[in-house]
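Engineer: Give me a 3D structure for the following:
(chains A and B)
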Protein chains: 2
Amino acid sequence: MEKQFVVGVDVGGQTTKLGVVDARGIVLAQTVIRSDVFGSDAAAFITALADAIKNIIREAGKEGQIRGIGVGAPNGNHYTGSIEFAPNLAWAANTAVPLSSMLQEKTGIPVSVTNDANAAAVGEMTYGIARGMKNFIMITLGTGVGSGIIINGELVYGHDGFAGELGHVTAIRHNGRVCGCGKQGCLEAYCSAIGVAKTARDWLEMSSVDSVLRNVDNITSKDVYDAAKVGDSLAKRVLEYTGDLLGRTFADFVAFSAPEAIVLFGGLARAKEFLYEPIMKSMNDNLLQIWKGKVKILFSELKASDAAILGASSLAWEL
Amino acid sequence: MEKQFVVGVDVGGQTTKLGVVDARGIVLAQTVIRSDVFGSDAAAFITALADAIKNIIREAGKEGQIRGIGVGAPNGNHYTGSIEFAPNLAWAANTAVPLSSMLQEKTGIPVSVTNDANAAAVGEMTYGIARGMKNFIMITLGTGVGSGIIINGELVYGHDGFAGELGHVTAIRHNGRVCGCGKQGCLEAYCSAIGVAKTARDWLEMSSVDSVLRNVDNITSKDVYDAAKVGDSLAKRVLEYTGDLLGRTFADFVAFSAPEAIVLFGGLARAKEFLYEPIMKSMNDNLLQIWKGKVKILFSELKASDAAILGASSLAWEL
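Structural biologist: As a prediction, this is how the structure comes out:
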């Protein structure tokens, strides 16, 4: 009997989500384990993950019917099957963990690994808003800014498996903010959830303009979005500025791979109503004539709770 | 008998070079026709080109043995086979000229078209310094700055056939020079031959520093290179600044496609001795840790007179 189901695993800094998925993209069963309680013991994490995978397959009633396991993880390298020097995972922060071979050994099922944004891109192409597209760029606007690039219907891995780090192109060339990566002016330093919160805090400090955000301790990007929704003009300008920077930078991405669309996903992408217009305007202002008005900006419509698992699972169909 | 030879055609603003090439990359016979004497009459140019092709095949003694004709041309679109709105070609400036079908009809030989920088990239991969590489980026530093991107051993064309316009990413985000394309701050506005000459002229005007370039009318990038070779410090700093901008921008390209190398070609690439160090330094300063010290900067070693024909001809092997 042909194996008709796959498992998707989304490894995050705090939790790892996993589920059994069918060919139509229905998540038949899912669960969550902690990622952050294993210290530097990668083997302990992988044992816990393998157990959770076996349990969830049993729960879904699909034992012996799993074609493969797709894993999306920070710094997941498709070529090596490892998680390599991922700062947010204590057990993979200072080393390369051969996740693919270790997990395959414990489950007896083939494993494919890639980074989380790449998994999201394949998920959108397989089940989401990019269905049928051969050339698009996925941008994940979360705690950081990630990316997955699809050219000719395939993920771009590059020479070493690490292609698509578009959060770390330079959005501000002169006196840019220091990014978590150590560079200055990265897109991520401005357009991640953390970057947006920092913009709001900086602007509140630099001016005395009235804003509901003055009553908020420890402002997050969600606070900025909520404030914008109730008409706060500073919050709206913060999102407009964020969209402007995204749009300019997207124009450079278009010059590279001439995509049909750029697809946005992640917490910050929920602020679509405030981001869409400034992104479109500044992207088109910065595009060559041949592309003006021709590149779509799309927002993921996958249910957030399913999207990460679906994205990772879609890798497993190729196994 | 299998057809063992190809024709390469490099369409430029003033002249069009063409030649018959064998499988080892030897140019058996070549010639040049004018591109700029046909006004807006594209059909007249294509008739002249077809005649020149037939003559050169006869001269090489390879009638009936030509597998295909590869054409590299400004704004040449591989998908449509047309030259589309190429400002430097009067007969294609305001229209799309279906070069591929017109030339095929007049010669009876299949034709493949792409832009000139893409042709150069395939040429380097087939016959040049990028032999054996699956992931690299070709940057042509000529009158303008062009690019051809190779991923997984294939040219990137994108959704519309126009991918790889890296001369028009933004090198200077704030108050950048106006580029020929109408945008501000493009890489081409600084790092093309014209851009380098402008930098030299601007710096001479802004300062009173001694320089042999003060005795030169209508400074060109070649004058700057010649001055640097005799130790002129302003000229050396102009090339250092150019290399610095190239290196920073290359770091963004690496974040996109993680290439093994960036290959430089064109008149300005001859200034290797002054460009290499600043490019390497600023590229590595701006790369993520995973790529520092790992990406090669290579300079084309193909004979300039052959390179354009070889590049274009290499497209024809796939026909």
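
Engineer: A:Q65: neighbour count?
Structural biologist: Neighbourhood size, A:Q65 [other C-beta atoms under 10 Å in any protein chain shown]: 16. C-beta coordinates here come from the backbone N, C-alpha and C atoms, glycine included.

Engineer: How about the one 5 residues further on?
Structural biologist: The number of residues packed around A:G70, counting by other C-beta under 10 Å, is 30.

Engineer: where does it sit relative to B:E318, distance-wise?
Structural biologist: According to C-beta to C-beta, to the nearest Å, A:G70 and B:E318 sit 33 Å apart.

Engineer: Looking at chain A, which helix is longest?
Structural biologist: Ranked by residue count under DSSP state H, the longest helix found in chain A is helix A:233-257.

Engineer: And the pLDDT for the nearest residue to A:G39 once chain neighbours are set aside?
Structural biologist: Nearest residue to A:G39, sequence neighbours excluded (C-beta to C-beta, 6 or more residues apart in numbering or on different chains): A:A90, at 5.9 Å. What the model reports as pLDDT for A:A90 is 92.

Engineer: Please name the residues that touch A:A90.
Structural biologist: A:36, A:38-40 (C-beta atoms under 8 Å, 6 or more residues apart in numbering or on different chains).

Engineer: Show me which of those is closest to A:K281.
Structural biologist: Distances from A:K281 to the contacts of A:A90, taken as C-beta to C-beta, are shortest for A:D36 (40.5 Å).

Engineer: was I right about the closest one contacting A:G12?
Structural biologist: No - the pair formed by A:D36 and A:G12 falls short of the contact definition of C-beta atoms under 8 Å, at 9.1 Å.

Engineer: So those two - more neighbours on which side?
Structural biologist: The neighbour count for A:D36 versus A:G12, taken as other C-beta under 10 Å, is higher for A:G12 (19 against 15).

Engineer: How about the more buried one: what's its closest non-neighbour residue?
Structural biologist: If the residues on either side of it in the chain are set aside, A:G12 comes closest to A:S35, at 6.2 Å by C-beta to C-beta, 6+ apart.

Engineer: rewinding a little: would you reformat the contacts of A:A90 as a markdown table and include pLDDT and secondary structure?
Structural biologist: Rendered in a markdown table, the data for the contacts of A:A90 read as follows (pLDDT from 0 to 100; DSSP: H, G, I helix; E, B strand; the rest coil):
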| residue | pLDDT | secondary structure |
| --- | --- | --- |
| A:D36 | 93 | coil |
| A:F38 | 96 | coil |
| A:G39 | 94 | coil |
| A:S40 | 94 | coil |
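
Engineer: Of these - the most surrounded one?
Structural biologist: Neighbour counts for the contacts of A:A90 were taken using other C-beta under 10 Å; the highest belongs to A:F38, with 18 neighbours.

Engineer: who's in contact with that one?
Structural biologist: By C-beta under 8 Å, 6+ apart, the contact list for A:F38 reads A:44-45, A:48, A:90-91.

Engineer: Without its sequence neighbours, what residue ends up closest to the residue of the stretch 201-319 of chain A found nearest chain B?
Structural biologist: Residue nearest to chain B within the stretch 201-319 of chain A: A:A258 (2.6 Å; C-beta to the nearest C-beta). Once its chain neighbours are removed from consideration, A:A258 has its nearest residue in B:G158; the separation is 2.6 Å (C-beta to C-beta, 6+ apart).

Engineer: give me the number of residues near that neighbour?
Structural biologist: By the measure other C-beta under 10 Å, the count of residues near B:G158 is 24.

Engineer: now swap in the one 5 residues further on and tell me
Structural biologist: By other C-beta under 10 Å, the residues close to B:A163 number 26.

Engineer: ok, now A:Q4?
Structural biologist: So A:Q4, with other C-beta under 10 Å, has 11 neighbours.

Engineer: and if you look at A:A43?
Structural biologist: Number of residues near A:A43 (other C-beta under 10 Å) recorded here: 12.

Engineer: In a helix, it, correct?
Structural biologist: Yes - counting by DSSP: H, G, I helix; E, B strand; the rest coil, A:A43 is part of a helix.

Engineer: Could you report the separation of it from B:N55?
Structural biologist: When distance is defined by C-beta to C-beta, A:A43 is 71 Å away from B:N55.

Engineer: Could you do A:E260 as well?
Structural biologist: Applying C-beta to C-beta, one obtains 43 Å for the distance of A:E260 from B:N55.

Engineer: what does the stretch 51-200 of chain A have sitting close to chain B?
Structural biologist: Of all the residues in the stretch 51-200 of chain A, those in contact range of chain B (C-beta under 8 Å from any C-beta of the partner chain) are A:84-85, A:134-135, A:149, A:151-152, A:154, A:156-166, A:168-174, A:181-183.

Engineer: Which ones among the residues you listed map onto strands?
Structural biologist: Among those, the members found in strands (DSSP state E) are A:84, A:149, A:151, A:154.

Engineer: Go through these and say which is closest to B:A96.
Structural biologist: A:I151 (23.9 Å).

Engineer: Who is the closest one paired with across the strands?
Structural biologist: Here A:I151 sits in beta bridges with A:E154, as judged by DSSP bridges.

Engineer: Can you read off the pLDDT for it?
Structural biologist: On pLDDT, A:I151 comes in at 98.

Engineer: Pretty sure it sits against A:S257.
Structural biologist: Yes - A:I151 sits in contact with A:S257 when judged by C-beta under 8 Å, with a separation of 5.7 Å.

Engineer: which residues in the stretch 51-200 of chain A form helices?
Structural biologist: Counting by DSSP state H, counting those that start in this stretch, one finds helices in the stretch 51-200 of chain A at the ranges A:99-107, A:116-127, A:187-191, A:193-206.

Engineer: got those as a markdown table, with distance to A:G231, mean neighbour count and mean pLDDT columns?
Structural biologist: Output for these, formatted as a markdown table (distance: least, C-beta to C-beta, whole Å; neighbours: other C-beta atoms under 10 Å in any protein chain shown; pLDDT from 0 to 100):
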| stretch | distance to A:G231 | mean neighbour count | mean pLDDT |
| --- | --- | --- | --- |
| helix A:99-107 | 47 | 19 | 97 |
| helix A:116-127 | 32 | 28 | 92 |
| helix A:187-191 | 23 | 27 | 97 |
| helix A:193-206 | 15 | 18 | 97 |
